[in-house]
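Q: Attaching a predicted model along with its sequence, questions to come.
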2 protein chains.
Amino acid sequence: MSKKGFVLWFTGLSGAGKSTLAEYLTPIIIERGTNVEILDGDVVRTNLSKGLGFSKEDRDTNIRRIGFVANLLARNGVCAITAAISPYEGVRNECRAIVDRKHAEFVEVYVEAPLSVVEERDTKGLYKKARAGEIKNFTGIDDPYEAPKHAEIVVHTGKESIEESANKILKFLESKGLVAKTARV
Amino acid sequence: MSKKGFVLWFTGLSGAGKSTLAEYLTPIIIERGTNVEILDGDVVRTNLSKGLGFSKEDRDTNIRRIGFVANLLARNGVCAITAAISPYEGVRNECRAIVDRKHAEFVEVYVEAPLSVVEERDTKGLYKKARAGEIKNFTGIDDPYEAPKHAEIVVHTGKESIEESANKILKFLESKGLVAKTARV
């Protein structure tokens, strides 16, 4: 069997920088010799969860599916980066528990940014719509976000640059032997 | 990036021997140095498609999800074996088309056995229930099965032993360089 893979589980509010960080890290991790797959919230909703809504039950189902696929990839040596909001701690912990520890690791990254910051950014214009009531069950506005209590890594994208946050994550992965310290290309 | 993976897409009636062949082949392919994941119809319905039924639309959605995950695995060097009935040619061809040809191959295996044979076996007792009308939309009874027209491999499990069918598949995979000819352990 090949080397140990891992799930890099990003969680945080919409606009906190989960996908940005995932995309920033991807070429770096590939350069170090580990394949990467990003399981982005939108991509997964299109390909695995069409028809699901944003109730707690539907969100949990969506997240469980991401966890199922992330584990399949990670136990085959891949770095599976998930970049869905994943607001509920219970189901995040379920996903942590299903990871095949013999062949993979689970690394939770809390991508923290205050609501005021992400709402000010409003990269996709969604907070404006949520405040106007055009979108219901929007995390942080009229739907809860449960911050992780035991995340392996916390990054503060409201005050750190992308490089700073990414380096924190890389240092952790290096220290666990999950990514090589230098490029292998 | 790692070596080329492949999707080994089994299709055939319930009881034709898809899962049996998948389980028979798995340790052999692993011994030859390639990781294997089986995406069995039941496992996928539990983990990715809970709530979907057996209408053509729901079946197609289920199969598309299997194809999505199989491609993610295969393009990372894994042998992803799918063992769902997958009765419709259109969606099987969609799954063939989404495979990332730069890093993976798609190999369709028609696991052929006459209805009379699988109904006689009736390993799960499902044909009896379908004939009695207790199960509706059962492939081969009151739901169609579209045999593949361009499968890379056809095995006839009504007249071949498991070993014979498995060897046919292995020979093909060896000829394409997808599995090594000898064990690598």
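A: Perfect, thanks for sending it.

Q: Identify each buried residue in stretch A:100-117, please.
A: A:103-113, A:115, A:117 (16 or more other Cβ atoms under 10 Å in any protein chain shown). Backbone N, C-alpha and C define where each C-beta goes, glycine included.

Q: out of these, who's near chain B?
A: By Cβ under 8 Å from any Cβ of the partner chain, no member of the buried residues of stretch A:100-117 lies near chain B.

Q: Now the element after the longest helix along chain A, going C-ward?
A: The longest helix of chain A (DSSP state H) is helix A:56-74. Moving toward the C-terminus from helix A:56-74, the next helix or strand (DSSP states H and E) is strand A:79-83.

Q: Report all helices and strands that that next one contacts.
A: Packing partners of strand A:79-83 (3 or more Cβ pairs under 8 Å, 6 or more residues apart in numbering or on different chains; DSSP states H and E): strand A:5-11, helix A:18-31, strand A:36-40, helix A:56-74.

Q: Out of the buried residues of stretch A:100-117, which is nearest to chain B?
A: A:H103 (9.2 Å; Cβ to the nearest Cβ).

Q: what's the spacing between that closest one and A:L72?
A: Distance of A:H103 to A:L72, given as Cβ to Cβ, to the nearest Å: 11 Å.

Q: and if you look at A:D100?
A: 9 Å.

Q: With A:E89 instead?
A: Taking Cβ to Cβ, one finds A:E89 at 23 Å from A:L72.

Q: now do A:N167
A: A:N167 is 29 Å from A:L72, by Cβ to Cβ.

Q: More neighbours: which of those two?
A: It is A:L72, of A:N167 and A:L72, that has more neighbours when counted by other Cβ atoms under 10 Å in any protein chain shown, with 24 against 15.

Q: I'd like to know how far A:K102 sits from chain B.
A: Using Cβ to the nearest Cβ, to the nearest Å, A:K102 is found at 13 Å from chain B.

Q: would you say that residue is within a helix?
A: No. Counting by DSSP: H, G, I helix; E, B strand; the rest coil, A:K102 is not found in a helix; it is coil.

Q: can you pull the contacts of it?
A: A:R75 (Cβ atoms under 8 Å, 6 or more residues apart in numbering or on different chains).

Q: Assign a three-state SS to A:K124, would you?
A: coil.

Q: That one against A:L13, yeah?
A: No. Look at A:K124 against A:L13 with Cβ atoms under 8 Å: they stay out of range, at 12.0 Å.

Q: which helices and strands does the helix or strand of chain A with the lowest mean pLDDT pack with?
A: One helix or strand of chain A scores below all others by mean pLDDT, DSSP states H and E: helix A:41-47, with a mean of 89. Helix A:41-47 sits against helix A:56-74, helix B:56-74, with contacts defined as 3+ Cβ pairs under 8 Å, 6+ apart.

Q: same thing but 7 Å
A: Applying 3 or more Cβ pairs under 7 Å, 6 or more residues apart in numbering or on different chains; DSSP states H and E, we find helix A:41-47 packed against helix A:56-74.

Q: Looking at the helix it packs on now, give me its mean pLDDT.
A: Across helix A:56-74, pLDDT averages out at 96.

Q: before we move on, what about stretch A:137-149?
A: 96.

Q: Buried ones in it, by neighbour count?
A: Quick answer for stretch A:137-149 (16+ other Cβ under 10 Å): A:138-141, A:143, A:145, A:148.

Q: Rebuild the buried residues of stretch A:100-117 as CSV, extending it with distance to B:L21.
A: Output for those, formatted as CSV (distance: Cβ to Cβ, whole Å):
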residue, distance to B:L21
A:H103, 24
A:A104, 27
A:E105, 33
A:F106, 33
A:V107, 36
A:E108, 38
A:V109, 40
A:Y110, 44
A:V111, 44
A:E112, 49
A:A113, 50
A:L115, 53
A:V117, 54
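
Q: got JSON lines for those residues, with secondary structure and pLDDT too?
A: Converted to JSON lines, the buried residues of stretch A:100-117 look like this (DSSP: H, G, I helix; E, B strand; the rest coil; pLDDT from 0 to 100):
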{"residue": "A:H103", "secondary structure": "coil", "pLDDT": "94"}
{"residue": "A:A104", "secondary structure": "strand", "pLDDT": "97"}
{"residue": "A:E105", "secondary structure": "strand", "pLDDT": "98"}
{"residue": "A:F106", "secondary structure": "strand", "pLDDT": "98"}
{"residue": "A:V107", "secondary structure": "strand", "pLDDT": "98"}
{"residue": "A:E108", "secondary structure": "strand", "pLDDT": "98"}
{"residue": "A:V109", "secondary structure": "strand", "pLDDT": "98"}
{"residue": "A:Y110", "secondary structure": "strand", "pLDDT": "98"}
{"residue": "A:V111", "secondary structure": "strand", "pLDDT": "98"}
{"residue": "A:E112", "secondary structure": "strand", "pLDDT": "98"}
{"residue": "A:A113", "secondary structure": "coil", "pLDDT": "98"}
{"residue": "A:L115", "secondary structure": "helix", "pLDDT": "97"}
{"residue": "A:V117", "secondary structure": "helix", "pLDDT": "97"}
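
Q: Distance of the spatially closest residue to A:R121 that is not a sequence neighbour relative to chain B?
A: Spatially, and ignoring its direct neighbours in sequence, A:R121 is nearest to A:G15 (5.1 Å; Cβ to Cβ, 6 or more residues apart in numbering or on different chains). Taking Cβ to the nearest Cβ as the measure, A:G15 falls 26 Å from chain B.
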